[in-house]
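# Provided below for reference: sequence and predicted model.
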Amino acid sequence: MKDVFKISELLIKRKLKALTDSEKLELKGFKEKYSFLKEVKIDQLVDKIDRLPEVDNKKAWKSIKAKFHERNDKPVITIVKRPWFKYVAAAIVVSLMATTFFLKNKSISNEPIKISPEIVKSNIENINPGTDKATLTLGNGEVVVLEKGVSVKTQNAKSNGKEIVYDANKQDVSKVVYNYLTIPRGGQFTIQLSDGTKVWLNSESQLKFPVAFVEGKTRQVELVYGEAYFEVSPSTEHKGAHFEVYNMKQKVEVVGTEFNIKAYKDEANIYTTLVKGKVNVEIESKKQKLVPNEQLNLDIKNNTSKIKTVDVYNEISWKDGVFAFKGKSLKEIMKVISRWYDVDVIFENKNLESVEFKGSLDKKQSLKEILSIMKSTTINNYEMKDKTLIIR
(Lines give C-alpha, C1' and ligand atoms only; values in the text may rest on other atoms or scores of the structure.)
Protein backbone atom coordinates (compact mmCIF):
# COMPACT_ATOMS: atom_id res chain seq x y z
CA MET A 1 0.00 0.00 0.00
CA LYS A 2 2.91 2.33 0.66
CA ASP A 3 4.03 1.72 -2.92
CA VAL A 4 0.65 2.93 -4.20
CA PHE A 5 0.85 6.18 -2.26
CA LYS A 6 4.44 6.78 -3.35
CA ILE A 7 3.62 6.05 -6.99
CA SER A 8 0.68 8.48 -6.83
CA GLU A 9 2.88 11.19 -5.36
CA LEU A 10 5.57 10.69 -8.02
CA LEU A 11 3.07 10.71 -10.89
CA ILE A 12 1.50 13.93 -9.66
CA LYS A 13 4.92 15.56 -9.14
CA ARG A 14 5.83 14.53 -12.69
CA LYS A 15 2.68 16.33 -13.89
CA LEU A 16 3.91 19.41 -12.04
CA LYS A 17 7.44 18.93 -13.50
CA ALA A 18 8.80 18.83 -9.97
CA LEU A 19 10.58 15.44 -9.94
CA THR A 20 14.19 15.32 -8.71
CA ASP A 21 16.70 13.10 -10.51
CA SER A 22 16.48 10.45 -7.78
CA GLU A 23 12.65 10.50 -7.93
CA LYS A 24 12.78 10.02 -11.71
CA LEU A 25 14.85 6.88 -11.19
CA GLU A 26 12.47 5.74 -8.45
CA LEU A 27 9.47 6.14 -10.73
CA LYS A 28 11.28 4.30 -13.51
CA GLY A 29 11.82 1.40 -11.10
CA PHE A 30 8.14 1.31 -10.21
CA LYS A 31 7.22 1.24 -13.92
CA GLU A 32 9.42 -1.78 -14.43
CA LYS A 33 7.88 -3.47 -11.38
CA TYR A 34 4.20 -2.66 -12.08
CA SER A 35 2.91 -3.08 -15.64
CA PHE A 36 -0.42 -1.35 -14.88
CA LEU A 37 1.33 2.04 -14.66
CA LYS A 38 1.33 2.26 -18.45
CA GLU A 39 -2.47 2.58 -18.35
CA VAL A 40 -2.76 5.11 -15.52
CA LYS A 41 -4.10 8.55 -16.47
CA ILE A 42 -3.07 11.32 -14.09
CA ASP A 43 -6.40 13.25 -14.17
CA GLN A 44 -8.32 10.10 -13.30
CA LEU A 45 -5.81 9.27 -10.57
CA VAL A 46 -6.29 12.66 -8.90
CA ASP A 47 -10.07 12.20 -9.03
CA LYS A 48 -9.71 8.72 -7.49
CA ILE A 49 -7.63 10.08 -4.61
CA ASP A 50 -10.40 12.53 -3.76
CA ARG A 51 -13.01 9.76 -3.80
CA LEU A 52 -11.15 7.11 -1.77
CA PRO A 53 -13.63 6.06 0.94
CA GLU A 54 -10.88 5.58 3.53
CA VAL A 55 -9.73 9.19 3.32
CA ASP A 56 -11.06 11.81 5.69
CA ASN A 57 -11.01 14.64 3.11
CA LYS A 58 -12.22 17.31 5.51
CA LYS A 59 -9.44 16.60 7.94
CA ALA A 60 -6.90 16.44 5.14
CA TRP A 61 -7.93 19.76 3.64
CA LYS A 62 -7.99 21.39 7.07
CA SER A 63 -4.41 20.35 7.66
CA ILE A 64 -3.34 21.48 4.19
CA LYS A 65 -4.90 24.90 4.70
CA ALA A 66 -3.13 25.19 8.06
CA LYS A 67 0.19 24.46 6.37
CA PHE A 68 -0.47 27.18 3.80
CA HIS A 69 -1.30 29.61 6.62
CA GLU A 70 2.05 28.84 8.20
CA ARG A 71 3.82 29.80 4.99
CA ASN A 72 1.71 32.76 3.99
CA ASP A 73 -0.23 35.36 5.93
CA LYS A 74 -2.74 35.77 3.10
CA PRO A 75 -6.12 34.02 3.39
CA VAL A 76 -6.29 30.52 1.95
CA ILE A 77 -8.55 30.25 -1.09
CA THR A 78 -11.10 27.53 -0.57
CA ILE A 79 -11.52 26.67 -4.23
CA VAL A 80 -8.63 26.47 -6.68
CA LYS A 81 -8.06 29.30 -9.13
CA ARG A 82 -5.75 27.42 -11.48
CA PRO A 83 -5.95 23.89 -12.84
CA TRP A 84 -2.51 22.93 -11.50
CA PHE A 85 -3.46 23.67 -7.89
CA LYS A 86 -5.51 20.49 -7.60
CA TYR A 87 -2.40 18.48 -8.44
CA VAL A 88 -0.43 20.23 -5.70
CA ALA A 89 -3.20 19.48 -3.21
CA ALA A 90 -3.38 15.85 -4.35
CA ALA A 91 0.39 15.47 -3.96
CA ILE A 92 0.18 16.77 -0.39
CA VAL A 93 -2.74 14.46 0.40
CA VAL A 94 -1.05 11.29 -0.87
CA SER A 95 2.24 12.09 0.85
CA LEU A 96 0.40 12.53 4.16
CA MET A 97 -1.84 9.53 3.53
CA ALA A 98 1.23 7.32 3.49
CA THR A 99 1.40 7.79 7.27
CA THR A 100 -2.31 6.80 7.58
CA PHE A 101 -2.88 10.06 9.47
CA PHE A 102 -5.93 10.91 7.39
CA LEU A 103 -7.45 7.46 7.21
CA LYS A 104 -10.89 7.12 8.76
CA ASN A 105 -10.23 3.54 9.77
CA LYS A 106 -6.63 2.50 10.48
CA SER A 107 -7.42 -1.21 10.40
CA ILE A 108 -7.36 -1.34 6.62
CA SER A 109 -6.48 -4.42 4.62
CA ASN A 110 -2.86 -4.65 3.54
CA GLU A 111 -3.88 -5.95 0.12
CA PRO A 112 -2.53 -3.76 -2.68
CA ILE A 113 -4.94 -1.30 -4.32
CA LYS A 114 -5.31 -1.90 -8.03
CA ILE A 115 -5.29 1.32 -10.03
CA SER A 116 -7.20 0.84 -13.25
CA PRO A 117 -8.52 3.20 -15.93
CA GLU A 118 -11.83 4.80 -14.94
CA ILE A 119 -14.89 4.12 -17.04
CA VAL A 120 -16.23 7.47 -18.18
CA LYS A 121 -19.99 7.91 -17.97
CA SER A 122 -21.85 9.00 -21.08
CA ASN A 123 -20.19 11.60 -23.29
CA ILE A 124 -18.90 14.16 -20.80
CA GLU A 125 -15.43 13.76 -22.30
CA ASN A 126 -16.81 15.28 -25.51
CA ILE A 127 -18.15 18.44 -23.84
CA ASN A 128 -15.56 21.12 -24.53
CA PRO A 129 -15.45 24.72 -23.30
CA GLY A 130 -16.77 27.51 -25.50
CA THR A 131 -14.70 29.36 -28.04
CA ASP A 132 -14.64 32.51 -30.20
CA LYS A 133 -17.56 32.36 -32.61
CA ALA A 134 -20.47 34.51 -33.75
CA THR A 135 -22.67 35.36 -36.72
CA LEU A 136 -22.81 38.82 -38.27
CA THR A 137 -26.07 39.85 -39.95
CA LEU A 138 -25.54 42.66 -42.46
CA GLY A 139 -28.01 45.37 -43.44
CA ASN A 140 -29.04 43.46 -46.55
CA GLY A 141 -29.84 40.33 -44.54
CA GLU A 142 -26.68 38.45 -45.49
CA VAL A 143 -25.27 36.32 -42.64
CA VAL A 144 -21.50 36.04 -42.19
CA VAL A 145 -20.05 33.30 -39.98
CA LEU A 146 -17.21 34.42 -37.68
CA GLU A 147 -15.08 31.80 -35.95
CA LYS A 148 -11.73 31.32 -34.27
CA GLY A 149 -8.77 31.17 -36.64
CA VAL A 150 -10.71 32.40 -39.69
CA SER A 151 -10.18 35.90 -41.15
CA VAL A 152 -13.18 37.62 -42.73
CA LYS A 153 -13.66 40.96 -44.51
CA THR A 154 -16.88 42.80 -45.26
CA GLN A 155 -17.40 46.14 -46.92
CA ASN A 156 -17.17 47.96 -43.59
CA ALA A 157 -15.25 45.68 -41.22
CA LYS A 158 -12.71 42.91 -40.82
CA SER A 159 -12.42 40.05 -38.35
CA ASN A 160 -9.46 37.98 -37.19
CA GLY A 161 -11.71 35.24 -35.79
CA LYS A 162 -11.72 36.68 -32.28
CA GLU A 163 -12.72 40.30 -32.82
CA ILE A 164 -14.44 42.28 -35.54
CA VAL A 165 -13.36 45.88 -36.15
CA TYR A 166 -15.39 48.53 -38.01
CA ASP A 167 -13.39 51.17 -39.87
CA ALA A 168 -14.74 54.67 -39.32
CA ASN A 169 -13.01 55.95 -42.46
CA LYS A 170 -14.96 53.59 -44.74
CA GLN A 171 -18.45 54.45 -43.56
CA ASP A 172 -21.27 56.19 -45.40
CA VAL A 173 -23.15 58.27 -42.82
CA SER A 174 -25.81 59.54 -45.22
CA LYS A 175 -28.14 56.90 -43.80
CA VAL A 176 -28.01 54.69 -40.72
CA VAL A 177 -27.54 50.99 -41.48
CA TYR A 178 -27.72 48.43 -38.67
CA ASN A 179 -25.84 45.17 -38.27
CA TYR A 180 -26.44 42.43 -35.70
CA LEU A 181 -23.71 40.45 -33.95
CA THR A 182 -25.12 37.25 -32.45
CA ILE A 183 -23.19 35.00 -30.08
CA PRO A 184 -24.49 31.42 -29.70
CA ARG A 185 -24.31 29.20 -26.63
CA GLY A 186 -20.74 28.05 -26.26
CA GLY A 187 -19.41 31.23 -27.85
CA GLN A 188 -17.91 34.65 -27.17
CA PHE A 189 -16.74 37.52 -29.36
CA THR A 190 -15.47 41.09 -29.27
CA ILE A 191 -16.41 44.02 -31.48
CA GLN A 192 -14.89 47.45 -31.99
CA LEU A 193 -17.53 49.87 -33.23
CA SER A 194 -16.78 52.61 -35.76
CA ASP A 195 -16.40 55.22 -32.98
CA GLY A 196 -13.69 53.15 -31.23
CA THR A 197 -16.00 51.76 -28.52
CA LYS A 198 -15.11 48.18 -27.66
CA VAL A 199 -17.72 45.60 -26.61
CA TRP A 200 -17.10 42.11 -25.23
CA LEU A 201 -20.09 39.80 -25.78
CA ASN A 202 -20.72 36.72 -23.66
CA SER A 203 -22.41 33.48 -24.69
CA GLU A 204 -26.00 33.65 -25.95
CA SER A 205 -26.00 37.39 -26.61
CA GLN A 206 -26.97 39.75 -29.41
CA LEU A 207 -25.95 43.34 -30.13
CA LYS A 208 -27.67 45.66 -32.61
CA PHE A 209 -25.47 48.55 -33.75
CA PRO A 210 -25.08 51.04 -36.62
CA VAL A 211 -22.34 50.46 -39.16
CA ALA A 212 -21.49 54.15 -38.64
CA PHE A 213 -22.49 56.81 -36.14
CA VAL A 214 -23.63 60.24 -37.34
CA GLU A 215 -21.04 62.76 -36.18
CA GLY A 216 -22.19 64.96 -33.31
CA LYS A 217 -25.37 62.97 -32.66
CA THR A 218 -26.02 60.56 -29.78
CA ARG A 219 -24.45 57.17 -30.43
CA GLN A 220 -27.02 54.45 -29.82
CA VAL A 221 -26.76 50.64 -29.71
CA GLU A 222 -29.07 47.94 -28.37
CA LEU A 223 -28.17 44.90 -26.30
CA VAL A 224 -31.07 42.81 -27.58
CA TYR A 225 -30.34 40.11 -25.01
CA GLY A 226 -27.44 38.51 -23.15
CA GLU A 227 -24.38 40.01 -21.48
CA ALA A 228 -21.93 42.64 -22.69
CA TYR A 229 -19.02 44.63 -21.30
CA PHE A 230 -18.66 48.12 -22.77
CA GLU A 231 -15.49 50.21 -22.96
CA VAL A 232 -16.93 53.40 -24.41
CA SER A 233 -14.99 55.91 -26.48
CA PRO A 234 -15.36 59.23 -24.58
CA SER A 235 -17.79 61.90 -25.80
CA THR A 236 -14.95 64.44 -25.89
CA GLU A 237 -13.65 62.63 -28.97
CA HIS A 238 -17.04 62.79 -30.70
CA LYS A 239 -18.09 66.44 -30.43
CA GLY A 240 -19.79 65.78 -27.08
CA ALA A 241 -22.01 63.00 -28.42
CA HIS A 242 -23.12 60.73 -25.59
CA PHE A 243 -23.34 56.95 -25.87
CA GLU A 244 -26.55 55.08 -25.05
CA VAL A 245 -27.29 51.39 -24.64
CA TYR A 246 -30.91 50.24 -24.87
CA ASN A 247 -32.09 46.89 -23.58
CA MET A 248 -35.55 45.68 -22.66
CA LYS A 249 -36.94 48.12 -20.08
CA GLN A 250 -33.99 50.41 -19.51
CA LYS A 251 -31.60 52.83 -21.18
CA VAL A 252 -28.02 53.39 -20.01
CA GLU A 253 -26.54 56.80 -20.84
CA VAL A 254 -22.78 57.28 -20.62
CA VAL A 255 -20.18 59.91 -21.40
CA GLY A 256 -17.07 57.75 -21.58
CA THR A 257 -16.76 54.82 -19.24
CA GLU A 258 -16.65 51.05 -18.64
CA PHE A 259 -19.63 49.01 -17.49
CA ASN A 260 -21.30 45.61 -17.75
CA ILE A 261 -24.91 44.76 -18.57
CA LYS A 262 -26.38 41.31 -17.96
CA ALA A 263 -29.83 40.94 -19.51
CA TYR A 264 -30.63 37.36 -20.44
CA LYS A 265 -34.03 36.37 -21.81
CA ASP A 266 -34.44 33.52 -19.32
CA GLU A 267 -33.65 35.63 -16.25
CA ALA A 268 -36.02 37.88 -14.32
CA ASN A 269 -33.48 40.60 -13.57
CA ILE A 270 -31.19 42.99 -15.47
CA TYR A 271 -27.87 43.81 -13.81
CA THR A 272 -25.95 46.97 -14.72
CA THR A 273 -22.52 47.22 -13.09
CA LEU A 274 -20.31 50.30 -13.32
CA VAL A 275 -16.55 49.81 -13.40
CA LYS A 276 -15.24 53.29 -14.31
CA GLY A 277 -16.70 56.74 -14.97
CA LYS A 278 -20.38 57.46 -14.53
CA VAL A 279 -23.69 56.38 -16.04
CA ASN A 280 -27.35 57.21 -15.77
CA VAL A 281 -29.76 54.29 -15.91
CA GLU A 282 -33.19 55.39 -17.10
CA ILE A 283 -36.25 53.26 -16.28
CA GLU A 284 -39.65 54.65 -17.33
CA SER A 285 -38.28 58.22 -17.52
CA LYS A 286 -36.74 57.93 -14.05
CA LYS A 287 -32.94 58.30 -14.00
CA GLN A 288 -30.65 56.75 -11.41
CA LYS A 289 -26.92 57.49 -11.20
CA LEU A 290 -24.28 54.87 -10.61
CA VAL A 291 -20.77 55.38 -9.31
CA PRO A 292 -17.91 52.86 -9.73
CA ASN A 293 -18.42 49.51 -7.94
CA GLU A 294 -22.19 49.97 -7.86
CA GLN A 295 -24.72 47.67 -9.50
CA LEU A 296 -28.34 48.40 -10.37
CA ASN A 297 -30.60 45.37 -10.18
CA LEU A 298 -33.83 45.79 -12.17
CA ASP A 299 -36.65 43.35 -11.43
CA ILE A 300 -38.35 43.08 -14.83
CA LYS A 301 -41.60 41.58 -13.57
CA ASN A 302 -42.25 44.10 -10.81
CA ASN A 303 -40.39 46.94 -12.55
CA THR A 304 -38.57 47.79 -9.34
CA SER A 305 -34.86 48.45 -8.92
CA LYS A 306 -32.23 48.70 -6.22
CA ILE A 307 -28.58 49.75 -6.14
CA LYS A 308 -25.86 48.07 -4.13
CA THR A 309 -22.06 47.97 -3.91
CA VAL A 310 -20.52 44.84 -5.44
CA ASP A 311 -17.16 43.21 -6.04
CA VAL A 312 -16.67 44.27 -9.65
CA TYR A 313 -14.22 41.46 -10.43
CA ASN A 314 -16.87 38.85 -9.75
CA GLU A 315 -19.20 40.54 -12.23
CA ILE A 316 -16.80 41.11 -15.14
CA SER A 317 -14.16 38.34 -14.84
CA TRP A 318 -15.97 36.36 -17.57
CA LYS A 319 -14.45 38.61 -20.24
CA ASP A 320 -10.95 37.76 -19.02
CA GLY A 321 -11.50 34.00 -19.14
CA VAL A 322 -12.48 33.41 -15.50
CA PHE A 323 -15.69 32.35 -13.78
CA ALA A 324 -15.82 34.10 -10.39
CA PHE A 325 -18.62 32.69 -8.25
CA LYS A 326 -18.33 34.38 -4.88
CA GLY A 327 -21.60 33.90 -3.03
CA LYS A 328 -23.47 32.66 -6.12
CA SER A 329 -26.06 29.91 -5.79
CA LEU A 330 -25.57 26.66 -7.66
CA LYS A 331 -28.67 27.44 -9.73
CA GLU A 332 -27.15 30.75 -10.89
CA ILE A 333 -23.80 29.09 -11.57
CA MET A 334 -25.33 26.32 -13.65
CA LYS A 335 -26.97 28.89 -15.91
CA VAL A 336 -23.50 30.25 -16.67
CA ILE A 337 -22.09 26.75 -17.12
CA SER A 338 -24.95 25.74 -19.45
CA ARG A 339 -24.36 28.72 -21.75
CA TRP A 340 -20.58 28.33 -21.95
CA TYR A 341 -20.54 24.55 -22.44
CA ASP A 342 -23.80 24.49 -24.43
CA VAL A 343 -25.53 21.94 -22.23
CA ASP A 344 -28.88 21.77 -20.45
CA VAL A 345 -28.91 21.38 -16.66
CA ILE A 346 -31.52 19.60 -14.53
CA PHE A 347 -31.50 19.59 -10.73
CA GLU A 348 -32.75 16.20 -9.58
CA ASN A 349 -31.99 17.32 -6.03
CA LYS A 350 -33.78 20.68 -5.76
CA ASN A 351 -32.15 21.41 -2.39
CA LEU A 352 -28.85 21.94 -4.19
CA GLU A 353 -30.16 24.90 -6.19
CA SER A 354 -29.68 27.32 -3.30
CA VAL A 355 -26.30 25.99 -2.15
CA GLU A 356 -23.57 28.63 -2.51
CA PHE A 357 -20.23 28.00 -4.20
CA LYS A 358 -17.25 30.27 -3.54
CA GLY A 359 -14.31 30.27 -5.89
CA SER A 360 -12.93 30.98 -9.34
CA LEU A 361 -12.68 28.60 -12.28
CA ASP A 362 -10.79 28.83 -15.55
CA LYS A 363 -13.11 29.02 -18.59
CA LYS A 364 -10.62 26.94 -20.57
CA GLN A 365 -11.13 23.94 -18.29
CA SER A 366 -13.20 21.06 -19.59
CA LEU A 367 -16.66 20.49 -18.15
CA LYS A 368 -15.37 17.33 -16.50
CA GLU A 369 -12.67 19.31 -14.66
CA ILE A 370 -15.18 21.95 -13.56
CA LEU A 371 -17.57 19.33 -12.21
CA SER A 372 -14.78 17.41 -10.46
CA ILE A 373 -13.87 20.55 -8.51
CA MET A 374 -17.49 21.28 -7.65
CA LYS A 375 -18.22 17.67 -6.74
CA SER A 376 -15.55 17.76 -4.05
CA THR A 377 -17.12 20.84 -2.45
CA THR A 378 -20.71 21.45 -3.45
CA ILE A 379 -22.56 18.83 -5.49
CA ASN A 380 -22.98 15.21 -4.42
CA ASN A 381 -23.07 13.53 -7.80
CA TYR A 382 -23.91 14.15 -11.42
CA GLU A 383 -24.67 12.30 -14.63
CA MET A 384 -24.40 13.33 -18.28
CA LYS A 385 -27.09 12.12 -20.70
CA ASP A 386 -26.51 13.32 -24.25
CA LYS A 387 -26.17 17.09 -23.69
CA THR A 388 -28.14 17.23 -20.44
CA LEU A 389 -26.33 17.47 -17.11
CA ILE A 390 -28.28 15.97 -14.21
CA ILE A 391 -27.26 17.25 -10.76
CA ARG A 392 -27.91 14.93 -7.81
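Perfect, I can see it now.

# helix or strand for the residue positioned nearest the centre of the chain, which one?
Using CA atoms, centre = their mean, the residue of the chain that lies closest to the mean C-alpha position is Phe323, 3.2 Å off. Remark: Phe323 resides in strand 322-324, with elements defined by DSSP states H and E.

# got the contact list for the next helix or strand after that strand?
Downstream of strand 322-324, the next assigned helix or strand under DSSP H and E is strand 328-329. The set of residues external to strand 328-329 that reach it, using CB atoms under 8 Å, 6 or more residues apart in numbering, is Glu353, Ser354, Val355, Glu356, Phe357. Bear in mind the C-beta positions are built from the backbone N, C-alpha and C, glycine included.

# what are the pairing partners of strand 328-329, and which direction each?
Sheet pairing here is set by DSSP bridges, and for strand 328-329 it gives strand 356-357 (antiparallel).

# Now the partner strand: average pLDDT?
Regarding strand 356-357, the rounded mean pLDDT is 82.

# now stretch 207-222
Per-residue pLDDT over stretch 207-222 has a mean of 93.

# for that stretch, how far is the first residue from the last?
Taking CA to CA, to the nearest Å, stretch 207-222 runs 6 Å from one end to the other.

# Tell me the buried residues in it?
Counting neighbours by 16 or more other CB atoms under 10 Å, one finds that the buried residues in stretch 207-222 are Leu207, Lys208, Phe209, Pro210, Val211, Ala212, Phe213, Arg219, Gln220, Val221, Glu222.

# My guess is the residue nearest to the centre of the chain contacts Lys335. True?
No - checked against CB atoms under 8 Å, the pair Phe323 and Lys335 is beyond contact range at 11.6 Å.

# sorry, back to before: list just the nearest of the buried residues of stretch 207-222 to Ile316.
Nearest to Ile316 among the buried residues of stretch 207-222 is Leu207, at 16.7 Å by CB to CB.

# Report the beta-bridge partner residues of the nearest residue to the closest one once chain neighbours are set aside.
Computed as CB to CB, 6 or more residues apart in numbering, the closest residue to Leu207 that is not its neighbour in sequence is Leu181, at 4.9 Å. Taking DSSP bridges as the rule, Leu181 bridges to Leu136, Leu207.

# Could you list the low-confidence segments of the protein?
Judged by pLDDT under 70, the chain has its weakly predicted residues at 1-6, 9, 12-13, 15-18, 21-22, 30-122, 170-174, 376.

# Good, wrapping up.
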